[in-house]
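Student: A structural model of the following input is requested.
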Amino acid sequence: MSKKVLIVGGVAGGASAAARLRRVDEEAEIILFEKGDYISFANCGLPYHIGEVIEERSDLLIQTPEAMEDRFNLEVRVKQEVVEIDSQEQQIKVKNLVANETYNEDYDYLLLAPGADPIRPPIPGIEGENIFSLRSIPDTDQIKEFVDQNQPEQAVVVGGGFIGLEMAENLVERGVDVAVVERGEQVMGPLDYEMAAIVHNHLREQGVKLYLNDGVTEFSKQEDKTRVKLDSERELEADLVLLAIGVSPSVELAEQAGLELGVTGGIKVDSYLQTSDQNIYAIGDVIEVEDYVTKKPAHIPLAGPANKQGRIVANNIAGRTEEYKGTQGTSVLKVFDLTVATTGSNEQRLTEAGIDYQVSYTNSKSHAGYYPNATSMTIKLLFTPTEGKLLGAQIVGQRGVDKRIDVLATALRYQKTVYDLQELELAYAPPFGSAKDPVNMAGYVAGNIVNGDVEVIQWDQVDELGEDVILLDVRREVELKFGALEGAINISLNSLRDRLDELDREREVVIYCAVGLRGYLASRILMQRGFKQVKNLSGGYKLYREVELDQTEKTASAEEKKLATASNPEEAEILD
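Tutor: Below you'll find the model as predicted:
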């Protein structure tokens with residue numbers, strides 16, 4: 001007997017589930033409901049159409065209702081909103097938004113994939129005509145038409161997450177002066193603060209004004225402008241306001257049906273993506289998932305997991321039992337010339353979960369330093385202190401970030417350690433990488449920490465050092481003019497062995513260089529020459545300086561940035 005499966009929501013998860021179900025069950029009756037005009041469109045590409053990077057609007061439409069019906073022999077009903085679920089009768093009530101009529105449809109299985117809605121808090125004036133949110137094709141059309149016709153000079157983006165930063169960049173590309181307002185202390189919540197500081201500094205270099213630790217209290221109209229009042233009493237002026245505060249799961253249907261919700265507000269599902277009703281499944285941005293690392297409930301709205309969940313639910317409905325094993329939050333974002341990528345947990349989530357961890361930083365080139373146009377990337381690893389099991393990774397850089405985060409995400413998914421990273425055999429040719437890939441190098445550095453070959457101090461511990469600590473700067477003298485830690489003694493690495501008698505072997509010595517490499521080499525020298533307490537500043541002066549610049553809202557000179565990120569080519573191959 002064939003199954004009748006109804007799917008609510010036709011974007012990432014819903015469309016994937018429908019297509020997969022047909023591939024594994026030719027007899028099932030499948031009806032997909034979408035209250036909007038479009039199914040299976042490219043959510044993540046919307047800002048880039050507004051910025052005219054994606055020129056053709058049609059390129060955003062991955063699948064049309066007609067094409068999907070023809071290929072998969074299923075029914076797609078657009079402009080049809082599911083307004084009620086009767087779980088006892090296994091029936092839904094649907095409103096035809098064109099005919100303004102309602103009707104009922106019964107089901108054997110129901111899949112909820114309605115996604116999430118943009119958060120629009122009750123701020124006075126938030127319904128102003130030039131205040132937009134971006135979630136759908138019609139939203140995109142409305143914003144792009146406004147930009148095309150009005151040529152706005154100033155915009156305020158409220159929220160510093162994925163959509164907020166992508167829109168900030170694309171508006172700048174359209175010639176708009178942009179300010180980003182973020183209530184938290186940083187943009188990009190999945191990053192730890194010091195990594196976000198690199199992004200902050202880059203945004204300022206691109207002319208974006210940042211208002212951090214500040215929120216919006218009121219919007220008001222003044223002639224043809226909008227006044228944006230902040231918690232700090234600042235007032236910003238804008239021709240266009242883009243709300244990118246975040247999203248909340250669209251759980252109204254689930255609540256009406258009496259389905260259990262999780263602590264994060266999403267629909268609670270089991271490992272088979274089944275809700276508290278055995279005939280109803282849920283996927284995508286509407287559900288609460290298990291964090292793959294911490295095993296805690298989480299709401300992680302990403303397209304990749306939604307598509308995978310759609311496939312898994314289709315398999316389960318078809319009798320091919322499969323479990324969803326959690327979301328690790330792998331993501332990547334373009335921010336002007338930077339690429340920002342994360343996977344797994346950050347420090348805050350690990351602390352909240354009570355998981356002990358250690359941190360390492362490396363600064364590596366995107367490809368061999370002697371081949372033209374190599375750029376720098378900062379890699380942060382989080383791992384267990386005793387066995388070195390990967391818990392999370394963050395990378396900020398220009399070229400080659402995406403492929404390194406994918407390697408690290410794969411290693412984390414299969415519960416590998418920093419020692420496994422050392423053993424990975426990764427593709428190498430000068431235009432693409434180094435003989436020791438940045439992932440290998442990150443593994444070596446982290447492994448040295450776990451082994452006890454080096455003890456590290458973190459950027460936020462420097463200012464807490466006591467007066468009895470010797471702060472040793474092993475950079476070249478020419479580098480000092482771009483900044484140094486207060487009270488540091490400068491002895492370059494190459495001179496260190498000849499000048500050891502200038503240092504007290506009984507006192508604690510904290511060593512630093514530009515990015516940590518020469519500091520590690522100096523640490524090994526001192527540890528083997530009778531020094532009792534030796535630590536290396538992880539991430540070096542460069543990372544410390546990024547935080548310092550962010551907190552003072554200053555911009556590094558081009559010469560300083562070049563020098564701070566450039567170890568000598570021969571040094572780049574000497575680490576482990």
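Student: use CA for all of it now, contacts and neighbours both
Tutor: OK.
Student: Listing request: residues of this protein with sub-threshold pLDDT.
Tutor: 558-576 (pLDDT under 70).
Student: At the geometric centre of it, which residue do we find?
Tutor: The centroid of the chain falls nearest to residue 331 when counting by Cα atoms, centre = their mean (4.5 Å).
Student: I'd guessed it sits against residue 345; true?
Tutor: No. Residue 331 is beyond contact range of residue 345, at 11.8 Å (criterion: Cα atoms under 8 Å).
Student: List the buried residues in stretch 175-188.
Tutor: For stretch 175-188, burial by neighbour count (16 or more other Cα atoms under 10 Å) applies to 176-183, 186-188.
Student: Take those and keep only those in strands.
Tutor: 177-182 (DSSP state E).
Student: The helix or strand containing residue 81 - contacts with which helices or strands?
Tutor: Following DSSP states H and E, the helix or strand that holds residue 81 is strand 80-86. Using 3 or more Cα pairs under 8 Å, 6 or more residues apart in numbering; DSSP states H and E as the contact test, the elements touching strand 80-86 are strand 29-34, strand 91-96, helix 252-256.
Student: Tell me which other helices or strands the following helix or strand past the last one touches.
Tutor: Meaning helix 252-256. Next in sequence after helix 252-256, counting helices and strands by DSSP H and E, comes strand 267-268. When contacts are defined as 3+ Cα pairs under 8 Å, 6+ apart, strand 267-268 sits against strand 287-290.
Student: buried sites along the strand it packs on?
Tutor: 287-290.
Student: Need the residues that contact that strand.
Tutor: Defining contact as Cα atoms under 8 Å, 6 or more residues apart in numbering, one finds that strand 287-290 is touched by 249, 262, 264-269, 296-300, 325-327.
Student: Run me through the strand neighbours of that strand, direction for each.
Tutor: Applying DSSP bridges, strand 287-290 is found paired with strand 267-268 (parallel), strand 297-298 (antiparallel).
Student: Would you format the ones you listed as a markdown table with distance to residue 420 and mean neighbour count included?
Tutor: Below are those laid out as a markdown table (distance: least, Cα to Cα, whole Å; neighbours: other Cα atoms under 10 Å):
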| stretch | distance to residue 420 | mean neighbour count |
| --- | --- | --- |
| strand 267-268 | 35 | 28 |
| strand 297-298 | 28 | 20 |
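Student: Ok, which of those comes nearest residue 200?
Tutor: Distance to residue 200, taken as Cα to Cα, is lowest for strand 297-298 among those, at 26.3 Å.
Student: who wins for most neighbours among the contacts of strand 287-290?
Tutor: With neighbours taken as other Cα atoms under 10 Å, the top of those is residue 267, carrying 30 neighbours.
Student: roughly how far is stretch 155-166 from the heart of the chain?
Tutor: Chain-centre distance of stretch 155-166: 13 Å, with Cα atoms, centre = their mean, to the nearest Å.
Student: got the contact list for it?
Tutor: Contacts of stretch 155-166 (Cα under 8 Å, 6+ apart): 47-48, 134, 167-168, 171, 176-183, 186-189, 216, 236-246, 333-335.
Student: hmm, 6 Å instead?
Tutor: Identification of contacts with stretch 155-166 by Cα atoms under 6 Å, 6 or more residues apart in numbering yields 178-182, 187-188, 238-245.
Student: can you check stretch 440-452 too?
Tutor: 360, 362, 385, 418, 421-422, 454, 576.
Student: can you give me the helices in the stretch 201-350 of the chain?
Tutor: Applying DSSP state H, counting those that start in this stretch to the stretch 201-350 of the chain gives helices spanning 252-256, 303-317, 347-352.
Student: Which one of those helices lies nearest to residue 140?
Tutor: helix 303-317 (18.1 Å).
Student: Buried by neighbour count: which residues of the closest one qualify?
Tutor: 303, 305-317.
Student: elements contacting it?
Tutor: If you count contacts as 3 or more Cα pairs under 6 Å, 6 or more residues apart in numbering; DSSP states H and E, helix 303-317 packs onto helix 12-24.
Student: Give me the buried positions along the helix it packs on.
Tutor: Result for helix 12-24 [16+ other Cα under 10 Å]: buried residues 12-22.
Student: about what we covered before: for the buried residues of helix 303-317, which one is nearest residue 122?
Tutor: Using Cα to Cα, the buried residues of helix 303-317 come closest to residue 122 at residue 303, 28.0 Å.
Student: For the closest one, which non-adjacent residue is closest in space?
Tutor: Computed as Cα to Cα, 6 or more residues apart in numbering, the closest residue to residue 303 that is not its neighbour in sequence is residue 12, at 6.4 Å.
Student: what about that neighbour, distance to residue 309?
Tutor: Here the criterion is Cα to Cα, to the nearest Å. By it, residue 12 lies 10 Å from residue 309.
Student: One more: residue 184?
Tutor: From residue 184 to residue 309 the distance is 31 Å (Cα to Cα).
Student: hang on, the earlier thing: for the contacts of stretch 440-452, which single residue is the most surrounded?
Tutor: When neighbours are counted by other Cα under 10 Å, residue 418 leads these with 29 neighbours.
Student: Run a quick neighbour tally on the residue lying closest to it once chain neighbours are set aside.
Tutor: In space, and not counting its chain neighbours, residue 418 is closest to residue 443: 4.7 Å by Cα to Cα, 6+ apart. For residue 443, the count of nearby residues is 26 (other Cα under 10 Å).
Student: And the one 3 residues further on, by the same measure?
Tutor: Using other Cα under 10 Å, the number of residues around residue 446 comes to 29.
Student: Buried ones in the helix or strand that contains it, by neighbour count?
Tutor: Here residue 446 is covered by helix 438-451, with elements defined by DSSP H and E. Using 16+ other Cα under 10 Å as the test for burial, helix 438-451 gives 438-450.
Student: ok, and the closest non-adjacent residue to residue 187?
Tutor: The nearest residue in space to residue 187 (Cα to Cα, 6+ apart) is residue 160, at 4.5 Å.
Student: Secondary structure class of the residue of the chain most remote from its centre, three-state.
Tutor: The outermost residue of the chain relative to its centre, with distances by Cα atoms, centre = their mean, is residue 501 at 47.7 Å. Per DSSP: H, G, I helix; E, B strand; the rest coil, the secondary structure class of residue 501 is helix.
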